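1. task: produce atomic coordinates for the following.
(3 chains)
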Amino acid sequence: MKPDEKLLQVYNLSVGVQQGDRYFPAVDDIEFSMREGEILGLVGESGCGKSMTALAIAGLLSDNLRVDSGSIVFEQQDILHITEKEKVRLRGKDISMVFQEPMSSLNPLMKIGKQVAEVLLLHNKRTAKEAATDVRNVLIKVGLPDPDKVMRSYPHQLSGGMQQRVMIAMAIIARPKLLIADEPTTALDVTMQAQILDLLTSINREYKIAILFISHDLGVVSRFCHRMAVMYAGKIVEEGTVYNIFNNPVHEYTKGLIGSIPTASSRGKPLVSIKGHVPSVFEEHLPCPFAPRCLSAESRCFTEVPRRIHLNENHAINCVLAEKVSEVEYEI
Amino acid sequence: MRNKLNAEFKIGAVFTGIILALMLISLIYTPYDPYEMSMNIADKLNKPSAAHWLGTDNFGRDILSRLMAGIKHTMLVAVSTVSISLTTGVLLGLIAGYFGKALDEVIMRVMDAVSSFPGILLALVMVTVMHQGRYTIIIPLSILFIPSFTRIARGGLLQYKSADFVNNAKVFGASRLRIIFVHILPNVYPSLLSSLVLGLSNAIMAESGMSYLGLGLQPPIPSWGRILSEAQAQLFIAPWYAVVSGLFIIFTVVGLNFLGEGIRKLLP
Amino acid sequence: MKSDAILETRNLVNFYDDSGLGLFGRSKKKQVLSDVSITIAHGEAFGIVGESGCGKSTLSKAVLGLIDYSGEIRVKGQVVSAKRTKSVRKQVQAVFQDPSGALNSKKRIGWTLLEPLRVHKLGTKDEQNDRVNQILELIGLDPSYKSRFPNELSGGQKQRICIGASLILDPELLVADEPVSALDVSAGAQILNLLDELHRKLNLSLLFISHNLNVVYYLCDRIAVMYKGQIVEQGSSDDIYRNARHPYTQALLAAVPDIDGTGGFADGNAAALREPSEHGCAYYALCPNASETCGERNPDLADVGGDGDEHLVRCYGS
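-> Next up, the predicted model:
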């Protein structure tokens, strides 16, 4: 693969909920890509479709959800249209996933050593003994200093932070190219969260594993990701480098979201509050779903479908009024 | 109810509706007098015909009329049984659940004892000991049904006891009784409602069973169980007699079960 | 004791009965709160910050009279017990974390808002209705919400209703236990704005509890940091935020990721540096600069403020 080639490309992806004979789009025509070894944050509030996007890429959509259109290209291969067998191999070897609740992702009746080794035995054709060595090494790598004790433990004997470390160990033991992390630190305390983020950063640097990081926490994304995409009601409204977006948010939703987070400097000032509330998946969506809450909405926002406009190489927004804001000045 | 009515609910409602309609009709009209016996041999054990839709029994009484007239007695027993056991059971369950500790232990162990006691035996003993009234059967049946309602009420209460809306009510100073009955109880209604309907069906089954054994409603009341037991004696001479009275019970019980299940699915 | 204190707790202690299974479990008591003493002045916003299991929610439950405790709680100078009279209850109201659980799903909003007034038998029907409308206006919702059920509302709207219900009795102190953690960012901002506005407009005292130091700093005048059931540091918000003296507070501050471009990194090791000590400092096992003394005796809270501004730290090294 040439260095500039994309690891993952998502084109016009739409995923929705099928209820009887009615279909409700939850992810609506989104597009983004990831380079090798990159950390991309997918941010948004609950119900914006960020988790569903992750599940679609991992091929783990539940039965009532379906991909309506679009394609997901991973290393030049459209992974939406491969056989179930190929999908299983891809999931174990090249794409892995870490979820929010480590306790419900681990089998409570299987010892940690066996659970972590299972991934290897399935995909890498190792003997049990070789696998045990690998497991020990990966557990040390994820910051569990007494791997033998951990391998003999059952999940409930570990703390939440340790369980999440085990999940990460399982996800990286086969050295995947892409790790999808769906709110991996949301269930953890702040100090534990910082440790897990440190760990993910070092894994990303050392093994060049790209990370698709799903989160509602802009603070975490700003500290941890290279690039980010902001989702609202199934659409990506703004995308770019973390630096560009936090220093020059252009879409009104991104502006509102950033302004609504209390920070050291916002003390004593009212927070930005976006009026109204997030539309539910089952409500009818406007061409621009944010239009009713947008501070600078005009009448055409309610009729025209916004297209993606590149403000520069590292910054794009989805807004009808984009040309108005396209002359943003970037501080270097 | 904004939820879509499910098939179980619809079937159950239709079945139960038919039975209730027949009962209402029987209060003012039955095709024949359900008690009037005929000495005429020609009137006895007639096959179903245009005159007698479901035939006649060994005393020459119209079976349809007797089954129709039986509904109100069966329903009376079922409804009173369920009302008594529901009230007592819910009260005990709420007390056990809210106060917990020793009181909870005592109440729940008594409930365990009641439900582990063979029902028929208990009813036998009670009916024998007590003065044999027309509706004596209601008392043992009520006692037998208490534990199930106690458990549901207690379970529901425990589910909501530590909910924040209950904490809120404590914080603004609502009394314990008010919290139990005004704040928590409405949340337990859905599960109580469906078990109430299922309780009715169980009570009908139990009453029929007891009457079949001669412990239930006393003759000449046309109880379904009694009709079935009389029909059994004529099983080889007049098979339709047993079949139609059996079908009547099944129809009602199935209807109520569907209704209960439908309600359970309908309410969150 | 200061007479303008709305709430004082003195040496609050609470045990959690961790006795395993029924008859055969050995009775094992875990201390959740040890010697927690706080004072909240009239009209003050007091924040408690700490991670899960630090005892901050237990403290709020004790203050609300929802659990038993030993020690002393005074409301407006008057000692109160866990069993409270209605007139004491009226003065201290609560907002909880999950607004869906805090509203009775079988009751309409209007009923929920009226209920405290009914319980306290305050006013005539008309007066009660006027009060409800007044509260709805205060929380920024129109009167049509009275006929709705909680499941017809968004999370933010539900939390507004919860705040409204807690204000209907016109309390002196509002205990808010993680009121924005269950909400989305934008809804959370609205709730924080509302609480801040009420705090200023009604001169309402706040006991605000959160795991998020940024949120507490935004809203509160003073902050207490809790760790394993103890207050380890307490002072003005600026003292805590800009001049933290306890190593745990420092670790917490370093860990909170801030969109201003700070924080988000782990301070110290993932694993314990040493065996935890039973009699020593609660943070002994994780502290990067603990000495031998720290493992032998738990330090007392000492005032390091100097300039008359109280800044308490429980650390030998401060």
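
2. can you list the weak-confidence ranges in the chain?
-> Assuming you mean chain A. Applying pLDDT under 70 to chain A flags the ranges A:1-4, A:124, A:323-332.

3. was after chain B, sorry
-> Counting by pLDDT under 70, the low-confidence segments of chain B come to B:1-4, B:36-39, B:41-43, B:45, B:131-134, B:268.

4. got the contact list for the closest residue to C:Val119 other than its chain neighbours?
-> Setting aside the residues directly before and after it, C:Val119 is nearest to B:Ala174 in space (C-beta to C-beta, 6 or more residues apart in numbering or on different chains), at 4.9 Å. In this view, the C-beta of every residue, glycine as well, is placed from N, C-alpha and C. Counting by C-beta atoms under 8 Å, 6 or more residues apart in numbering or on different chains, B:Ala174 touches B:182-183, C:115, C:119.

5. ok, now with 10 Å
-> B:166, B:168, B:180, B:182-183, C:86, C:89, C:115-116, C:118-120 (C-beta atoms under 10 Å, 6 or more residues apart in numbering or on different chains).

6. a markdown table for these, including neighbour count and secondary structure?
-> A markdown table is the format used below for the contacts of B:Ala174 (neighbours: other C-beta atoms under 10 Å in any protein chain shown; DSSP: H, G, I helix; E, B strand; the rest coil):
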| residue | neighbour count | secondary structure |
| --- | --- | --- |
| B:Val166 | 23 | helix |
| B:Asn168 | 27 | helix |
| B:Ile180 | 23 | helix |
| B:Val182 | 18 | helix |
| B:His183 | 22 | helix |
| C:Lys86 | 14 | helix |
| C:Arg89 | 23 | helix |
| C:Glu115 | 21 | helix |
| C:Pro116 | 26 | helix |
| C:Arg118 | 14 | helix |
| C:Val119 | 20 | helix |
| C:His120 | 17 | coil |
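
7. let me know the helix or strand that the most centrally placed residue in chain B is in.
-> With the centre of chain B defined as its mean C-alpha position, the nearest residue by C-alpha atoms, centre = their mean is B:Leu200, 2.5 Å away. B:Leu200 belongs to helix B:185-212 when elements are defined using DSSP states H and E.

8. C:Glu8 too?
-> With elements taken from DSSP H and E, the one containing C:Glu8 is strand C:5-17.

9. with B:Tyr160 as the reference, measure out to the residue nearest to C:Val119.
-> 14 Å (C-beta to C-beta, to the nearest Å).

10. shared neighbours, the two?
-> Contact with both B:Ala174 and B:Tyr160 is made by residues B:166, B:180, B:183, according to C-beta under 10 Å, 6+ apart.

11. quick one: is stretch A:249-262 near chain C?
-> Yes: Stretch A:249-262 lies in contact with chain C when judged by C-beta under 10 Å from any C-beta of the partner chain; the contacting residues are A:253, A:256-262.

12. okay, helices next: where are they in the chain?
-> Looking at chain A here, since you left the chain open. Assigned by DSSP state H, the helices in chain A fall at A:50-58, A:84-93, A:102-105, A:112-123, A:128-141, A:147-151, A:160-172, A:190-207, A:218-224, A:242-247, A:252-259, A:322-325.

13. hmm, no, I was thinking of chain B.
-> Ranges of helices in chain B, per DSSP H, are B:7-28, B:63-99, B:101-116, B:119-129, B:138-161, B:164-171, B:176-178, B:185-212, B:224-233, B:239-266.

14. now for the closest residue to chain B within the stretch 151-300 of chain C, how many residues are close by?
-> Among all residues of the stretch 151-300 of chain C, C:Leu169 sits closest to chain B, at 6.1 Å; criterion: C-beta to the nearest C-beta. A total of 21 residues lie near C:Leu169 under the criterion other C-beta atoms under 10 Å in any protein chain shown.

15. what's the helix or strand for it?
-> With secondary structure defined by DSSP H and E, C:Leu169 is part of neither a helix nor a strand.

16. can you pull the contacts of the residue in the stretch 51-200 of chain C positioned nearest to chain A?
-> Among residues of the stretch 51-200 of chain C, the one nearest chain A by C-beta to the nearest C-beta turns out to be C:Ala189. It sits 3.3 Å away. With contacts defined as C-beta under 10 Å, 6+ apart, the neighbours of C:Ala189 are A:256-257, A:259-262, A:266, A:270-274, C:156, C:180, C:183, C:218.
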